[in-house]
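In: Provided below are the primary sequence and the corresponding predicted coordinates.
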Protein chains: 2
Amino acid sequence: MAPTRAHDPRPFKRLKHDHRRCVTTALARAAKVCAASGGRLTALRRWVLELVWQSHRPMGAYDILAALGQKRETVAPPTVYRALEFLRAQGLVHRIESLNAFIGCDQPGEPHSGQFLICRACGRAAEMADGRIDAAMRCGLAEAGFTLERPTVEALGLCPDCRPCAEAGHA
Amino acid sequence: MAPTRAHDPRPFKRLKHDHRRCVTTALARAAKVCAASGGRLTALRRWVLELVWQSHRPMGAYDILAALGQKRETVAPPTVYRALEFLRAQGLVHRIESLNAFIGCDQPGEPHSGQFLICRACGRAAEMADGRIDAAMRCGLAEAGFTLERPTVEALGLCPDCRPCAEAGHA
DNA sequence: CGGCAGGATGTTATCTTATAACATAACGCC
DNA sequence: GGCGTTATGTTATAAGATAACATCCTGCCG
Ligand SMILES: [Zn+2]
Ligand SMILES: [Zn+2]
Ligand SMILES: [Zn+2]
Ligand SMILES: [Zn+2]
């Protein structure tokens, strides 16, 4: 019933890691997801997904637009928004509401509602799927008589890598 | 330490209630909060706060701008945004990230991080302060090595009043 | 093959949300 | 009354998102 994803206790990747691997994995998973759902992962959509995965920092639609503009003559906002909407519907990207930005999902497939950790220092975001948070929410809302359809859980703060710097620096 | 607010198990008000009382209460509390903090609750700011409290539906900055425009000749966006920022800093209004809109806080005073329940049918939003959700979040994030500074918890769904209609209607 | 239907993309214009930068006015204190 | 601070007015623009319509593919049927 409740989507059960393995809870990763270490949602942030190491600062140095083989990021190309992140990208290729994401693209491979996307292909699988679309094959299963019947969605058509066109060149444009794959390209947008790849741009979203460019880094672990949430990317604004207009950032993607600009990046896309470097490879093609003319790109207009609807192009990007439509691709993003498709990817979101397939569960391949998430929208970070508090940033108006998008980030790739690293566990697509089962539809799920994650929690997003956003570092205000390095700008990276990571997805978590802590069942206790999910359960606490469902429980609390049920008691309030509220029917939950789409939870949004975003945490702004400092990631493990940035915490020390910030302590020393200016906090 | 952790801001302890009484947990209201019934965050949504009755559909019919003395809403003028909500408004006057909110304004009175605002005056008290500002007196304590040294913030200056000017006429403009009070007016904006009153507009935010016009209903229990989150209000966009431009809705407020338009409403304000009916009472004054010229109002520009910065006027409204500055007032909203002041009110937010005083803890008198909250911003609903997923709606780009603002709603009055019904328990100002102690700084706190609430959870927001948003009904997609009637558009109302209600604030909750369920300690379990807060605790689950702090716990899960701490385990991830993340320093939480500003949590955002928003739940889109159906309020107790709208649930029956939606069930019958089109769901 | 040829045409057709649906889905995907291109194109233009417009809308909503938010802020930068600078000018002026009000206030609070002495 | 003078002065520093805070608040507001004003203008312009940045940033984010969508509506509406045109065109182009792609798979399918005959
Ligand atoms: Zn990576
Ligand atoms: Zn960081
Ligand atoms: Zn009320
Ligand atoms: Zn409702």
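Out: Alright, I've got the coordinates. Ligands and ions are numbered 1, 2, ... in the order given.
In: Quick check: residues of chain A near DNA strand C?
Out: By C-beta under 7 Å from any atom of the strand, the residues of chain A that approach DNA strand C are A:39-40, A:42-45, A:72, A:74-79, A:82-83, A:86. From N, CA and C alone the C-beta is placed, and that goes for glycine too.
In: and those, which are buried?
Out: For the residues of chain A next to DNA strand C, a neighbour count by 16 or more other C-beta atoms under 10 Å in any protein chain shown gives the buried set as A:G39, A:L44, A:R45, A:V75, A:T79, A:A83, A:F86.
In: got the contact list for the residue nearest to A:V23 when sequence neighbours are not counted?
Out: In this structure, A:V23 finds its nearest non-sequential neighbour in A:W53, 4.8 Å apart by C-beta to C-beta, 6 or more residues apart in numbering or on different chains. For A:W53, the set of contacting residues under the criterion of C-beta atoms under 8 Å, 6 or more residues apart in numbering or on different chains consists of A:C22, A:V23, A:A26, A:L27, A:G104.
In: what's the answer for A:L65, then?
Out: Shown in contact with A:L65 (C-beta under 8 Å, 6+ apart): A:V75, A:P77, A:T79, A:V80.
In: likewise A:V33?
Out: Residues touching A:V33, when contacts are defined by C-beta under 8 Å, 6+ apart, comprise A:G39, A:Q90, A:G91, A:L92, A:P108, A:G109.
In: The residues of chain A next to DNA strand C: which two are farthest apart?
Out: Among the residues of chain A next to DNA strand C, the pair separated by the greatest distance (C-beta to C-beta) is A:G39 and A:T74, at 25.5 Å.
In: Check whether the host helix or strand of A:G157 comes into contact with DNA strand D.
Out: Following DSSP states H and E, the helix or strand that holds A:G157 is strand A:147-158. No. Using C-beta under 7 Å from any atom of the strand, we find that strand A:147-158 stays clear of DNA strand D, coming within 13.1 Å at best.
In: For that strand, which outside residues touch it?
Out: Contact with strand A:147-158 is made by A:96-98, A:113-121, A:133-134, A:137-138, A:141-142, A:166, B:97-98, B:120, B:137, B:141, B:146-158, B:163, as judged by C-beta under 8 Å, 6+ apart.
In: May I have that strand as PDB, with CA atoms only?
Out: As requested, C-alpha coordinates have been extracted for strand A:147-158 and formatted as PDB (Å, rounded to 0.1, in the frame of the first residue of the first chain):
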ATOM      1  CA  THR A 147      -7.400  13.200   3.300                       C
ATOM      2  CA  LEU A 148      -3.800  13.500   2.200                       C
ATOM      3  CA  GLU A 149      -3.200  13.400  -1.500                       C
ATOM      4  CA  ARG A 150       0.000  15.200  -2.100                       C
ATOM      5  CA  PRO A 151       2.500  15.800   0.700                       C
ATOM      6  CA  THR A 152       5.300  18.300   0.400                       C
ATOM      7  CA  VAL A 153       8.100  18.000   2.800                       C
ATOM      8  CA  GLU A 154      11.200  20.100   2.300                       C
ATOM      9  CA  ALA A 155      13.900  20.900   4.800                       C
ATOM     10  CA  LEU A 156      16.200  23.800   4.400                       C
ATOM     11  CA  GLY A 157      19.400  23.700   6.300                       C
ATOM     12  CA  LEU A 158      23.000  22.500   6.200                       C
END
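In: Which strands border that strand, and is each parallel or antiparallel?
Out: Each strand that strand A:147-158 pairs with, and the sense of that pairing, follows from DSSP bridges: strand A:115-119 (parallel), strand B:147-158 (antiparallel).
In: Out of these, which is the most enclosed?
Out: When neighbours are counted by mean count of other C-beta atoms under 10 Å in any protein chain shown, the highest per-stretch mean among the strands paired with strand A:147-158 falls to strand A:115-119, a mean of 25.
In: Rounded mean pLDDT for it, please.
Out: Strand A:115-119 shows a mean pLDDT of 97.
In: Run the contact check for that strand versus ligand 2.
Out: Yes. Among the residues of strand A:115-119, A:C119 lie within reach of ligand 2 under C-beta under 5 Å from the ion.
In: So chain A: which segments form each domain?
Out: Under the assignment automatic domain parsing, the domains of chain A span A:15-107, A:112-171.
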